[in-house]
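Colleague: Predicted model and sequence below, questions to follow.
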Amino acid sequence: MAENLSDLEKIRLGKLKRLKEQGVEPYPIHAEQSTTSQQAIATFEAAEKEGTADKLGEVTLAGRIRGLRPMGKLIFAHIEDRNGRIQLFFRVNELGEARMKSLMEDYDLGDFIQASGELMRTRTGEITLLVKDFKMLAKAITPLPAAKDEVVDGELIRHASLTDPETRYRQRYADLAVNADVRTIFRTRAHIIRSLRDFLDSRDFLEVETPVLQPVYGGAAARPFTTHHNQLKQDLYLRISFELYLKRLLVGGLERVYEIGRDFRNEGVSFKHNPEFTMLEFYMAYADADKIMALTEEMVSSVAKQVKGSTVIEFGEHTIDLAPPWKRATLRDALQEATGIDINEHPDAESLASIMQEKGMEAKPGTPRGKLIDGLLSDHLEPILIQPTFLYDYPRDISPLAKSKPDDPQTVERFEGFTAGFELCNAFSELNDPLDQEQRFIEMGRSYENDDELRHPMDEDYLKALRYGMPPAGGFGMGIDRLVMLLTGIRSLREVILFPHLRKTDEDKL
RNA sequence: GGGUGCGUAGCUCAAUGGUAGAGCAGUGGCCUUUUAAGCCAUUGGUUGAGAGUUCGAGCCUCUCCGCACUCACCA
């Protein structure tokens, strides 16, 4: 290991050794933090108004050294804790020569430190801890990537920072340590998920957990990851959706259920696809697609209000208002407006493919009609749906788990919600007719004959469940990562996933 | 998987085929209210890896690795 260390790391190792020689434990077991930076500042300000600031007594702060400014026999430092930064003021008057020397020689940016003393204001007015005592909590061997910033008129000005995306994602710890805005993204993410839970819990939904390892995968059209149980000598799949298990729970009488968890899809990796991603699905007995639509706009706008304080959000150059009601259009009408093609006039794949080709669009011969429509949607419609919009009435053959419309068996009661040019959610009236469902599985198998992994195995147990009777229900699915992108205004999925998947490097292979 | 671009000090970036540099960080020194502290001095490089062309390669060619963008794939 030692040969791989940079010069900077060797110097810090030397400091570590020196601390130990002086009898200082650089990684002590016990630490103390009586308050945080921002609480301390708020308390001091309040006391100042009361005129009691000098009677506050001592506080103990802990955090990571982010700024260090020795000035003769003074040292100013900033430490950062979970809710912000505060300045520390070290002076020989309080600490004596020896401790000042130790601080000067052996403490670096990035070290964790504990400091206690009384709060005061410096000559420039900054609320600061005048340190009476301090100790090392954890010595950093590797220096943090240089990050210098200042706050001018409330705005953060960056003078140096870690920006290389590869380093940021591979060493997310370093990214988080030096980029406060990255930490903010993940606080927002947690807040969003909490708000979703609050919303559903308050409507009497039960949060459940269903298997990640599944003997039969289903509920979506995607390639799965395969794994193996050694003792059982059984292949298992990582789930590609929760749908079929959650609907088994409807059969069991749990009328309103939801799950927030990870899906795994063995597909391309890009700025909007990660092999594992977080999904929310809920199922509601005695609801249908229409009711779910109303609930969706209520839920998303409620989360936006809780997290952002408003239903109006900025996303790139767009200002988006998530307040209900969202725009509604049939898939047919919206496609006609966007492309000039009326899909009802082209009831078979051949006819639809030929009109698409006439208009210079790509349409591979042999593609099923549903897939062609799906292609039209994602290429020509999705990118222009900026304000929140529900498209409804989807073709049956790309919706094998949705119930047909009573008056139109080729169309199902399904909708998708779009905003900011991407798909946010997908929902439908759940197919609860076991015989129809079996027929759909068979049809779907046929249309994927050329691709074994996309041709889902028949889920016999799911059909068995349906035969016990499943109440009519509305179901809903939404990618949480996309919702986080929307509400944080970030365009890359990787920015909202703590540890996005990256290819392994030579270093990893060793 | 295809195409395009990128990879230089711990970080952010320079460098016509001709001695690899700057700022920040680091190290040494001065400084008792600084805050991107300042001033003086100074260390630091297998230019992603490997091969080739050339008197000479960070730069040109090839192979490989990684990242970004993009296309394909993808409820």
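Modeller: Right, received. Where do you want to start?

Colleague: Quick check: the residue of the stretch 251-400 of chain A nearest RNA strand B.
Modeller: Of all residues in the stretch 251-400 of chain A, the one sitting closest to RNA strand B is residue A:268 (3.2 Å; CB to the nearest atom of the strand). Glycine gets a C-beta too; all of them are placed from N, C-alpha and C.

Colleague: Tell me how many other residues crowd that residue.
Modeller: For residue A:268, the number of neighbouring residues by other CB atoms under 10 Å comes to 8.

Colleague: Look up the pLDDT of it for me, please.
Modeller: Per-residue confidence (pLDDT) for residue A:268: 73.

Colleague: For residue A:475, list the residues it contacts.
Modeller: Counting by CB atoms under 8 Å, 6 or more residues apart in numbering, residue A:475 touches A:243, A:246-247, A:281-284, A:292, A:401, A:427-428, A:430.

Colleague: which of those lies closest to residue A:119?
Modeller: residue A:282 (48.0 Å; CB to CB).

Colleague: Do you know the pLDDT at whatever residue of the stretch 101-250 of chain A ends up closest to RNA strand B?
Modeller: Taking CB to the nearest atom of the strand as the measure, the point where the stretch 101-250 of chain A comes nearest RNA strand B is residue A:221, at 2.3 Å. Model confidence at residue A:221, given as pLDDT, is 80.

Colleague: Give the burial count for it, as a bare number.
Modeller: Quick note: residue A:221 (other CB under 10 Å) scores 19 neighbours.

Colleague: mind checking which helix or strand residue A:360 is in?
Modeller: Under the criterion DSSP states H and E, no helix or strand holds residue A:360.

Colleague: I'd like to know how far it sits from residue A:341.
Modeller: 12 Å (CB to CB, to the nearest Å).

Colleague: Give the full set of residues in contact with residue A:55.
Modeller: With CB under 8 Å, 6+ apart, residue A:55 has these contacts: residue A:47.

Colleague: ugh, wrong one, residue A:287
Modeller: Counting by CB under 8 Å, 6+ apart, residue A:287 has contacts A:295, A:473-474.

Colleague: Filter the residues you listed down to the buried ones and express that as a PyMOL selection.
Modeller: Buried members of the contacts of residue A:287, identified by 16 or more other CB atoms under 10 Å, are gathered into one PyMOL selection as follows:
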select buried, chain A and resi 295+473+474
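
Colleague: hang on, residue A:485 in a strand?
Modeller: No - applying DSSP: H, G, I helix; E, B strand; the rest coil, one finds residue A:485 to be helix, outside a strand.

Colleague: about what we covered before: and the residue of the stretch 251-400 of chain A closest to RNA strand B, what element?
Modeller: Going by DSSP H and E, residue A:268 is not in any helix or strand.

Colleague: for the stretch 151-300 of chain A, which spans come out with low pLDDT?
Modeller: A:151-159 (pLDDT under 70).

Colleague: hang on, isn't residue A:148 packed against residue A:160?
Modeller: Yes - counting by CB atoms under 8 Å, residue A:148 touches residue A:160, with 4.6 Å between them.

Colleague: before we move on, the earlier item: can you list phi and psi of the residue of the stretch 251-400 of chain A closest to RNA strand B for me?
Modeller: phi -60, psi 150 (degrees, to the nearest 10).

Colleague: Might you enumerate the residues of the stretch 101-250 of chain A proximal to RNA strand B?
Modeller: With CB under 7 Å from any atom of the strand as the criterion, the stretch 101-250 of chain A comes near RNA strand B at residues A:105, A:108-109, A:122-126, A:128, A:143, A:145-150, A:159-167, A:169, A:219-222, A:241, A:243.

Colleague: Neighbours of residue A:377, how many?
Modeller: So residue A:377, with other CB under 10 Å, has 22 neighbours.

Colleague: again with residue A:86
Modeller: For residue A:86, using other CB under 10 Å, the count is 27.

Colleague: can you tell me how far the closest residue in space to it that isn't next to it in sequence sits from RNA strand B?
Modeller: The shortest distance from residue A:86 to any non-neighbouring residue, by CB to CB, 6 or more residues apart in numbering, is to residue A:37 (3.7 Å). Counting by CB to the nearest atom of the strand, to the nearest Å, the separation of residue A:37 from RNA strand B is 13 Å.

Colleague: Pretty sure residue A:78 is one of the things residue A:37 touches, is it not?
Modeller: No - counting by CB under 8 Å, residue A:37 sits too far from residue A:78 to count as a contact (9.1 Å).

Colleague: Just confirm residue A:173 is within a helix.
Modeller: Yes - Residue A:173 forms part of a helix when assessed by three-state DSSP.

Colleague: contact partners of stretch A:111-119?
Modeller: So stretch A:111-119 is contacted by A:31-34, A:40-41, A:43-44, A:53, A:56-65, A:77, A:79, A:88, A:94, A:107, A:127-140 (CB under 8 Å, 6+ apart).

Colleague: Repeat that for stretch A:490-504.
Modeller: Residues contacting stretch A:490-504 (CB under 8 Å, 6+ apart): A:165-166, A:169-170, A:172, A:182, A:185-186, A:189, A:269, A:271-277, A:316, A:481-482, A:484-485, A:488.

Colleague: Show me which residues of that stretch are buried.
Modeller: A:490, A:493-497, A:500.

Colleague: and if you look at stretch A:49-60?
Modeller: A:53, A:56, A:59-60.
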